[in-house]
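1. Mind folding the following:
(one chain, ligands or ions: 2)
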Amino acid sequence: MSATAAAPKAEPLVLGIESSCDETGVGIVRGTRLLANEVASSMEEHVRFGGVIPEIAARAHLEAFTPTLRRALDTAGVSLDEVDAIAVTSGPGLAGALMVGLSAAKGLAMAADKPLYGINHLVAHVAVGLLDTAEGQVQSLPPNTGALLVSGGHTEILRVGSLTDDVQLLGSTIDDAAGEAYDKTARLLGLGYPGGPAIDAAAADGDPKAFRFPRGLTMPKFEGSAENPGKHRHNWSFSGLKTAVARAVEQFEKAGQPVPVADIAASFQEAVVDVLTSKAVRACREHGITTLLLGGGVAANRRLRQLLGDRCASAGIQLIIPPVKLCTDNGAMVAALGAQLVAAGASPSSLGIPADSSLPVERVSV
Ligand code: KG4
Ligand code: ZN
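-> Ligands and ions are numbered 1, 2, ... in the order given. Predicted coordinates for the structure are as follows:
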């Protein structure tokens, strides 16, 4: 255990630190109120490699941490002495990148004698929906809540009994994550990195019906029925879609014709968003989920926000969506989950918290 335990209180002041990939995030919340969210990104440094280079990301976190922390404390108008606890991402993510945030958090916790909470990045993406900035905000988690988590490395549908100790995986991708599919497809289309925002923008000028790309794992043999569910009823697969896009691009290139980038981007996006939302809504129906939290970088996608909103409304599911800037990696989401843990009276972590690259979603804190 770290030096002191945070006394459970309804609206704890928590500082959150995120460093699992290429964003150095420091956020400060008081309960569910967002006070500061400062993010420094090393994305520009990875662009020429077409993906995140772990060593570059780790070094960038080291350089960005102190100024980002200062800005967050200034914006929130609080001092480190005043915070009730420090929360930090312990996984999943890039080991070297995680270690920078963890070391910083441990140093601060020791120096300021604050309890430290090592938390799960994936659950933090979901917990950020409880902050007062979310569309459809709720003060506390209603019964029968679920979450659709769509990030660069994960695509999961969850039942969330409690954000602090009861998260259950209902389904996930069996190959690429949704964000990964966006990033790989953007590369195929020459749209650069990161692919999500680039495809989101390109798709705005395209026809989503121009190409009928596959919706993975939607055949009856995979899905079964509500009474007799198939193995992949609530799972996704995006690798066939990526291959279909590659074939389409090849055909135009072989014929010496210009690749219709906007139409392919829009049709690809429609396929991803259609299968994500239809399977998520059906999983909610079949598991009695009536409130759905959307989280993760792909939750910034305009078409996903729109179609999931429409489909949840038709199914009578209350949808909670964080603002776009809190969908991609940030420290506020870590602080939001930390505040839930402190409020619930959870025990702090030890100062020996490891970086766990493959921390499963069911382990909310370490
Ligand atoms: O959650 P996140 O910031 O990092 C991980 O934990 O992975 O998610 C990053 C992913 C990337 O794959 C990025 O391309 C995708 O989120 N993304 C988007 C959009 N903005 C970011 N995907 C689709 N549309 C967007 N607007
Ligand atoms: Zn993330």
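2. Could you pull up the contacting residues of A76?
-> Going by C-beta atoms under 8 Å, 6 or more residues apart in numbering, A76 touches I28, L35, A36. (Each C-beta comes from the backbone N, C-alpha and C, glycine too.)
3. Ignore what I typed, I meant D165.
-> With contact set as C-beta under 8 Å, 6+ apart, D165 has these partners: A344, A346, V364.
4. Out of those, which end up buried?
-> The neighbour count (16 or more other C-beta atoms under 10 Å) marks A346, V364 as buried among the contacts of D165.
5. between the contacts of D165, which is nearest ligand 1?
-> Using C-beta to the nearest ligand atom, V364 comes nearest to ligand 1 of these, at 16.1 Å.
6. how close does that closest one get to D165?
-> Taking C-beta to C-beta, to the nearest Å as the measure, V364 and D165 are separated by 6 Å.
7. Grab the nearest non-local neighbour of the residue in the stretch 201-350 of the chain that ligand 1 sits nearest to.
-> The stretch 201-350 of the chain approaches ligand 1 most closely through G297 (2.0 Å), counting by C-beta to the nearest ligand atom. Leaving aside its chain neighbours, G297 sits nearest to T328 (4.4 Å; criterion: C-beta to C-beta, 6 or more residues apart in numbering).
8. which element is that neighbour on?
-> T328 belongs to no helix or strand when elements are defined using DSSP states H and E.
9. what sits against it?
-> Taking C-beta under 8 Å, 6+ apart, one finds E23, G297, A300 in contact with T328.
10. quick one: contacts of the lowest-mean-pLDDT helix or strand in the chain?
-> Here the helix or strand of the chain ranked lowest by mean pLDDT, DSSP states H and E is helix 43-46, holding a mean of 92. Residues outside helix 43-46 that contact it (C-beta under 8 Å, 6+ apart) are D22, E23, V52, I53, I56, A57, A60, Y193, P194.
11. please redo it, this time with the cut-off set to 7 Å
-> Helix 43-46 has contacts (C-beta atoms under 7 Å, 6 or more residues apart in numbering) with D22, V52, I53, I56, A60, Y193, P194.
12. centroid residue for the chain?
-> Per C-alpha atoms, centre = their mean, the C-alpha nearest to the average position across the chain is that of G296, at 2.1 Å.
13. For burial, what's the neighbour tally of the residue nearest to that residue when sequence neighbours are not counted?
-> Using C-beta to C-beta, 6+ apart and skipping residues adjacent in sequence, the residue nearest G296 is S151, 3.5 Å away. Using other C-beta atoms under 10 Å, S151 is surrounded by 26 other residues.
14. what does the one 4 residues further on give?
-> Per other C-beta under 10 Å, the neighbour tally for T155 reads 30.
15. show me the contacts for the residue of the stretch 51-200 of the chain found nearest ligand 2.
-> Closest residue of the stretch 51-200 of the chain to ligand 2, C-beta to the ion: S151 (4.3 Å). By C-beta under 7 Å, 6+ apart, the contact set of S151 is H125, A177, G179, G296, G297, V298.
16. Among these, which one is most surrounded by other residues?
-> Most neighbours among the contacts of S151, by other C-beta under 10 Å: H125, with 32 neighbours.
17. distance of that residue from ligand 1?
-> Here the distance between H125 and ligand 1 works out to 6 Å (C-beta to the nearest ligand atom, to the nearest Å).
18. and that residue, helix, strand or coil?
-> Per DSSP: H, G, I helix; E, B strand; the rest coil, the secondary structure class of H125 is helix.
19. secondary structure element for A346?
-> Using DSSP H and E, A346 falls outside every helix and strand.
20. Excluding sequence neighbours, find me the nearest residue to it.
-> Excluding the flanking residues, the one nearest A346 by C-beta to C-beta, 6+ apart is T164, at 5.7 Å.
21. what residues are up against the one you found?
-> Contacts of T164 (C-beta under 7 Å, 6+ apart): Q340, L341, A344, A346, V364.
22. Let's see which of those residues end up in strands.
-> Of the contacts of T164, none are assigned to strands by DSSP state E.
23. of all the residues you listed, which comes closest to ligand 2?
-> V364 (15.3 Å).
24. pLDDT score for that closest one?
-> Listed pLDDT for V364 reads 97.
25. was I right about it contacting H121?
-> No: applying C-beta atoms under 7 Å, one finds V364 not in contact with H121, separated by 10.8 Å.
26. In helices, which of the contacts of A76 fall?
-> Within these, no residue falls in helices by DSSP state H.
27. Which one (most neighbours) among those residues?
-> When neighbours are taken as other C-beta under 10 Å, the top entry among these is I28 (27 neighbours).
28. Give me every residue in this structure lying close to ligand 1.
-> 21, 151-153, 179, 182-183, 194-197, 200, 296-298, 300-301, 328-329 (C-beta under 6 Å from any ligand atom).
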